[in-house]
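Engineer: Below is the structure, and that's it, no one-letter string:
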């Protein structure tokens, strides 16, 4: 994995797109999601634009507010990243965590 923050990785927009789609599929505006999970709308916007990052527990809360969970989000993210890597010729991870 290249050095540097993941927020600047070429894969990060894939994560952000899924985050936005998850909210939209739940028929939530940024304001409604913010109210459900105790955040401000500007914070939600900043996360979705990639200005701020979520840690794992914050992501879990965010997803719960959208009626989703880490498991299903993670599976879909992995599926999309594999497609992305196939299109971009990106290196595949060989290290398991």
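Structural biologist: The structure has been received and is ready for your questions. Owing to the predicted nature of the structure, the values given are computational and were not obtained by experimental measurement. Numbering: from 1, shown residues only.

Engineer: Contacts only, for the closest residue in space to residue 56 that isn't next to it in sequence.
Structural biologist: The shortest distance from residue 56 to any non-neighbouring residue, by C-beta to C-beta, 6 or more residues apart in numbering, is to residue 70 (7.5 Å). Placement of C-beta: from N, CA and C, glycine included. The contact partners of residue 70, taken as C-beta atoms under 8 Å, 6 or more residues apart in numbering, are 56, 59, 60, 63.

Engineer: What distance do you get for the first one to residue 29?
Structural biologist: If I follow you right, that is residue 56. Counting by C-beta to C-beta, to the nearest Å, the separation of residue 56 from residue 29 is 25 Å.

Engineer: ok, and for the helix or strand containing residue 87, which residues are buried?
Structural biologist: Using DSSP states H and E, residue 87 maps to helix 70-88. Within helix 70-88, the residues scored as buried using 16 or more other C-beta atoms under 10 Å are 73, 77, 80, 81, 85.

Engineer: that older thread, which of the contacts of residue 70 lies at the shortest distance from residue 22?
Structural biologist: Closest approach between the contacts of residue 70 and residue 22, by C-beta to C-beta: residue 63, at 6.6 Å.

Engineer: Test my guess that residue 41 contacts residue 23.
Structural biologist: No. Using C-beta atoms under 8 Å, residue 41 is not in contact with residue 23; the gap is 11.8 Å.

Engineer: Give me the common contacts of those two.
Structural biologist: residue 30.

Engineer: Give me the more crowded residue out of these two.
Structural biologist: Neighbours were counted for residue 41 and for residue 23 using other C-beta atoms under 10 Å; residue 23 has more, 21 against 14.

Engineer: Hmm, that one is touching residue 31, no?
Structural biologist: No. In this structure, residue 23 is not within contact of residue 31 by C-beta under 8 Å, at 10.9 Å.

Engineer: For residue 76, list the residues it contacts.
Structural biologist: residue 18.

Engineer: so where's this protein uncertain?
Structural biologist: 1-7, 89-97 (pLDDT under 70).

Engineer: residue ranges of the helices in it, please?
Structural biologist: Counting by DSSP state H, the chain has helices at residues 12-25, 30-37, 41-48, 56-65, 70-88.
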